[in-house]
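Engineer: Got a predicted structure plus its sequence, pasted below:
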Amino acid sequence: MKVNTNLVLGIESTAHTWSVGIMGFDGRVYSVVNDTFFPEKGGLHPYLVKEQHLNNFMGVIHKALIEANCRIRDINLIAFSKSPGLGPILKIGAQVARMLGQLLNIPVIGVNHCIAHIEIGRLMCKVDDPLTLYVSGGNTIVSAYESGKYQIFGETLDISIGNMIDMFARDVGLAHPGGPKIEKLAQQSKRYLPLPYIVKGMDLSFSGIYTAAKRLIESEDYSKDYDLCDVAYSLQETSFAMLTEVTERALAHTEKKEVLLTGGVAANTRLQEMISYISKEHDAKFEVVPLKYAGDNGIMIAWTGLLRYRSEGEQDILTTIINPKERMDKLTVPWRG
Amino acid sequence: MIASNAIGKEKLLRKGAEANLYYGYWFGKKVIFKHRIPKNYRISPLDQSIRTMRTLNEGRALIKVKEYGVNVPQVYEIDAHNSIIIMKYIEGQKLKDLMDKIPISEKVSIFKEVGQQIATLHINGHVHGDITTSNIIITNKKKIFLIDFGLHDYSDSIEDKSVDLHLFKRVLISTHGSDFLPCFKSFIEGYRSEYKSFEVNDSDQIIRNITVIENRGRYVKRDDK
């Protein structure tokens, strides 16, 4: 045993990724191991995802322990994602966490997935009080800390940006994950086809863009007047401009001095370029969370669990229940106070 | 005054989210130049169309809603090509900045009047589209002005009006959490009272529909619905 600090083990289990991260109480990362479900066709079927996680969870924990060079008995705290996400999948994480907690007789802490994304971003990018744009397959949220909570200034009114891009990619026959493929296609075009641009205050809507893009693909003019690259380009330009506009609006309103970009879609270089531009305009420091920690991962859960444990102490095991529909702006974050 | 000196920008007052506000003069009047500057993050065809559309839309809306007695800055000139609106300079403070400086009793009376002003907009078929405490100016004589009509829309639908109120409610919760309850209550009171004098009183339906919109949101538990 080489590790001689207190360790927290975090379990991320909200959607397609089962991830386990081991972190020291000092914030040092010892290991993070992911197992991700890739659908053969269609989207995420909760039953199939659940099957995969059930088959693999033990192996992933084992691998994370080996990489961290420690034994399960060295762990001092367990954190798991309790909200928001797909119910059947959240349950696996909660059950495994409780089981381990009981076996090892150590505290178990439930963590909100969205707050975890912000907290790991603050840690990894060394920012203190950022305005966060969190864009992924499940969420599209503009958030900042204000009066005791991570307030949601803007969010999608229907589907998330990642979901919209993935659905479109699937319709044109691109395998999951569609985001990087759409990005590549978009880079080959400079031809803009108008798509609905929908911003309501600081809220967004993406379902109309999806439908309009789909119509472009189904139209008779497709592959005569324009091709898939042009549609991909227009899709990205329109939806990212919307995201950037609401982020700028929230930035002007909150007057924060740091901007954090996180979530799976944060990997898109065009989106990074756009958010970086407005950050500069408002003299704010711009940081993109490194992909390893921007996507779903166990370390963000471990870290946020640790923060909550430090400020609130142990959580009664009976209260470690999942909550698939919990909003992040309903929770207090006492460690920020 | 010499004609060539008649119009001029003096200094940058504020960099907003979508426009720069300059203080200046226009034929002897103190004015604001609202310049929707090109946003280089957007590709130019998209950028151009958004800026022109919003400039025209805002200019027209400001002129129109003034007729109904809503306090908005007088428009002097609209330059759609360069996306500039020249309007009267309103001396005062943003309600957002004032919130920490005034007693709750004063806040409550301000919000009541804001409610009346918004109701006047709605009654006449206009929605503001971006009601925030940053878009409300309080002058030294305690007169309330609504600004920033860039996301304004013409609508008679209950849904659009509810969205307008819903967005304002969200801003109040997120930015002025501790004052939210009394302020929003007073706002709704003012809103209702203005509607009373109007022959078709949709205010109850509009206000009730706010809850419907909230429940449509993401991650709202079923028991809360």
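Structural biologist: Perfect, I can see it now.

Engineer: got the contact list for residue A:130?
Structural biologist: Shown in contact with residue A:130 (C-beta atoms under 8 Å, 6 or more residues apart in numbering or on different chains): A:118, A:121-122, A:144, A:256, A:258-260, A:287. No exception for glycine: its C-beta is placed from N, CA and C like everyone else's.

Engineer: Can I get stretch B:201-212 in CSV? Just the C-alpha atoms.
Structural biologist: The C-alpha trace of stretch B:201-212 is given here as CSV (Å, rounded to 0.1, in the frame of the first residue of the first chain):
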residue,chain,number,x,y,z
ASN,B,201,-59.3,40.2,-18.6
ASP,B,202,-57.0,37.4,-19.3
SER,B,203,-54.7,38.1,-16.3
ASP,B,204,-55.9,35.1,-14.2
GLN,B,205,-55.3,32.7,-17.1
ILE,B,206,-51.9,34.2,-17.9
ILE,B,207,-50.8,34.0,-14.3
ARG,B,208,-52.1,30.5,-13.8
ASN,B,209,-50.3,29.4,-17.0
ILE,B,210,-46.9,30.3,-15.4
THR,B,211,-47.2,27.2,-13.2
VAL,B,212,-48.0,25.1,-16.3
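
Engineer: That one near chain A at all?
Structural biologist: No - against chain A, stretch B:201-212 shows no contacts by C-beta under 8 Å from any C-beta of the partner chain, the least distance being 13.1 Å.

Engineer: how far away is the nearest residue to residue A:157 once chain neighbours are set aside from chain B?
Structural biologist: Nearest residue to residue A:157, sequence neighbours excluded (C-beta to C-beta, 6 or more residues apart in numbering or on different chains): residue A:205, at 4.7 Å. Using C-beta to the nearest C-beta, to the nearest Å, one gets 11 Å for the distance from residue A:205 to chain B.

Engineer: Quick check: phi and psi at residue A:205.
Structural biologist: Backbone torsions for residue A:205, taken as degrees, to the nearest 10, come to phi -140, psi 130.

Engineer: Next: residue B:38.
Structural biologist: According to degrees, to the nearest 10, residue B:38 has phi -60, psi 140.

Engineer: of all the contacts of residue A:130, which comes closest to residue B:166?
Structural biologist: Comparing the contacts of residue A:130 against residue B:166 with C-beta to C-beta places residue A:144 closest, at 19.5 Å.

Engineer: quick one on the thing from earlier: can I get the contacts of residue A:130 in CSV including pLDDT?
Structural biologist: Formatted as CSV, the contacts of residue A:130 follow (pLDDT from 0 to 100):
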residue, pLDDT
A:118, 98
A:121, 98
A:122, 97
A:144, 96
A:256, 96
A:258, 98
A:259, 98
A:260, 98
A:287, 98
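
Engineer: So which of those wins on neighbours?
Structural biologist: residue A:260 (30 neighbours; other C-beta atoms under 10 Å in any protein chain shown).

Engineer: For that residue, which non-adjacent residue is closest in space?
Structural biologist: residue A:130 is the one closest to residue A:260 (C-beta to C-beta, 6+ apart), at 3.9 Å.

Engineer: where's the one you found relative to chain B, distance?
Structural biologist: In terms of C-beta to the nearest C-beta, residue A:130 sits 15 Å off from chain B.

Engineer: Please apply the same query to residue A:85.
Structural biologist: Distance from residue A:85 to chain B, counting by C-beta to the nearest C-beta: 10 Å.

Engineer: what residues are up against residue A:103?
Structural biologist: Residue A:103 makes no contacts at all, as judged by C-beta under 8 Å, 6+ apart.

Engineer: Distance check, it against residue B:18.
Structural biologist: Distance from residue A:103 to residue B:18, counting by C-beta to C-beta, to the nearest Å: 56 Å.

Engineer: Surely residue A:267 and residue A:177 touch.
Structural biologist: No - the pair residue A:267 / residue A:177 is not scored as a contact, 9.7 Å apart, by C-beta atoms under 8 Å.

Engineer: List the contacts of residue B:77.
Structural biologist: Shown in contact with residue B:77 (C-beta under 8 Å, 6+ apart): B:26, B:84-86.

Engineer: Now do the phi/psi pair for it.
Structural biologist: phi -160, psi 140.

Engineer: same check, this time on residue A:78
Structural biologist: phi -120, psi 130.

Engineer: now the one 3 residues further on
Structural biologist: Dihedral angles of residue A:81 (phi, psi; degrees, to the nearest 10) stand at phi -80, psi 120.
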